[in-house]
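[1] Any chance you can model this:
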Amino acid sequence: MNPPNAVLTARERARAELTREIKDEASRQLAAVGADGLSLRAVARSLGMVSSALYRYFPSRDDLLTALIIDAYNAVGSAAEEAIAIATPPAARARWAAASRAIRAWALANPHQYALIYGSPVPGYRAPAATIAPASRVPLAFVRVLRDAVSVGELIASDGAWWGTVDGAAPPVEDSLAGQAAALAAALAEADAPDVPAEALVRAVIAWTQLFGMISFELFGQFVGSFEPADAFFEHAVAQLTVFVGLR
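    Here you go, the predicted model:
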């Protein structure tokens, strides 16, 4: 007779496997009907399950959507982090560009998962706090690149002065930001990257939104008849964005 712990482990494995099957089927339906058309009953029917059995794994459609959203954020976050880790050369500019390429590659390979997290909001769905940490992985990966750039003197201010170890501490830059923008930038810097100048963080956020804007335009057909295929345009734009951020 198997010991109780072995039985429990087997049950956990079985539950994990069925959970994976449920999410895989939900992802297939996501591609077919979109997030707002996702139905627990339809997922259960496709898997040959009764709805009541599936509810033991995901009590509501929103719980299933949340699981898919967390998986998608973690997947794109892993893609960015891994690209940064293996970038050659390891300079900040190369790491930023490598992460940008990895995010685009993931989006092109997983367009429906990308649309789920970066597309239109799902009507009636409110993301819970559990999605915050996974959603933060990509922006925090870029912030770490900035922090490393500051520590080795690879970040340049808008006036051309070096930030970081080359010429010492960064000069005050908040005056170049108006009112509320300056306060928000300072709060962001204090919370997530106290050693990164506020101006650099603002430029990074601008570059980050431009990156996802380009990817969304490509995925949703906005480049048809102009910059399609978008490979060369994307490479040029990423190079320009690294200069804009100050990674020269």
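[2] Can you spell out the domain ranges of this structure, please?
    Split into domains by automatic domain parsing, the chain comes to 1-59, 61-245.
[3] most packed of those?
    When the domains of the chain are scored by mean count of other CB atoms under 10 Å, the highest mean neighbour count falls to domain 61-245 (a mean of 17). C-beta here means a position set from N, CA and C on the backbone, and glycine is covered the same way.
[4] Can you tell me which helices and strands the host helix or strand of residue 236 packs against?
    Element membership for residue 236, per DSSP states H and E: helix 231-245. Other elements packing on helix 231-245 under the criterion 3 or more CB pairs under 8 Å, 6 or more residues apart in numbering; DSSP states H and E are helix 92-109, helix 198-219.
[5] Tell me which of the ones you listed approaches residue 78 most closely.
    helix 92-109 (8.8 Å; CB to CB).
[6] Pull the distance from the closest one to the chain's centre.
    11 Å (CA atoms, centre = their mean, to the nearest Å).
[7] what residues does it touch?
    75-76, 79-84, 86-88, 114, 118, 138, 141-142, 145-146, 148-149, 152, 154-155, 211-212, 214-215, 218-219, 234, 238-239, 241-242, 245, 247-248 (CB atoms under 8 Å, 6 or more residues apart in numbering).
[8] Output that helix as CSV, restricted to C-alpha atoms.
    What follows is helix 92-109, C-alpha atoms only, in CSV (Å, rounded to 0.1, in the frame of the first residue of the first chain):
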residue,chain,number,x,y,z
ALA,A,92,23.1,47.9,-21.8
ARG,A,93,22.1,49.0,-25.3
ALA,A,94,22.5,45.4,-26.7
ARG,A,95,20.5,44.0,-23.7
TRP,A,96,17.6,46.5,-24.2
ALA,A,97,17.5,45.7,-27.9
ALA,A,98,17.6,41.9,-27.3
ALA,A,99,14.7,42.2,-24.9
SER,A,100,12.7,44.2,-27.4
ARG,A,101,13.3,41.6,-30.1
ALA,A,102,12.3,38.8,-27.7
ILE,A,103,9.1,40.4,-26.8
ARG,A,104,8.2,40.9,-30.4
ALA,A,105,9.1,37.3,-31.3
TRP,A,106,6.9,36.1,-28.4
ALA,A,107,4.0,38.3,-29.6
LEU,A,108,4.2,37.1,-33.2
ALA,A,109,4.3,33.5,-32.0
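[9] Where does the most centrally placed residue in the chain sit, in terms of helix or strand?
    When CA atoms, centre = their mean is applied to the chain, the residue found nearest the centroid is residue 138 (4.0 Å). Element membership of residue 138, judged by DSSP H and E, is helix 132-152.
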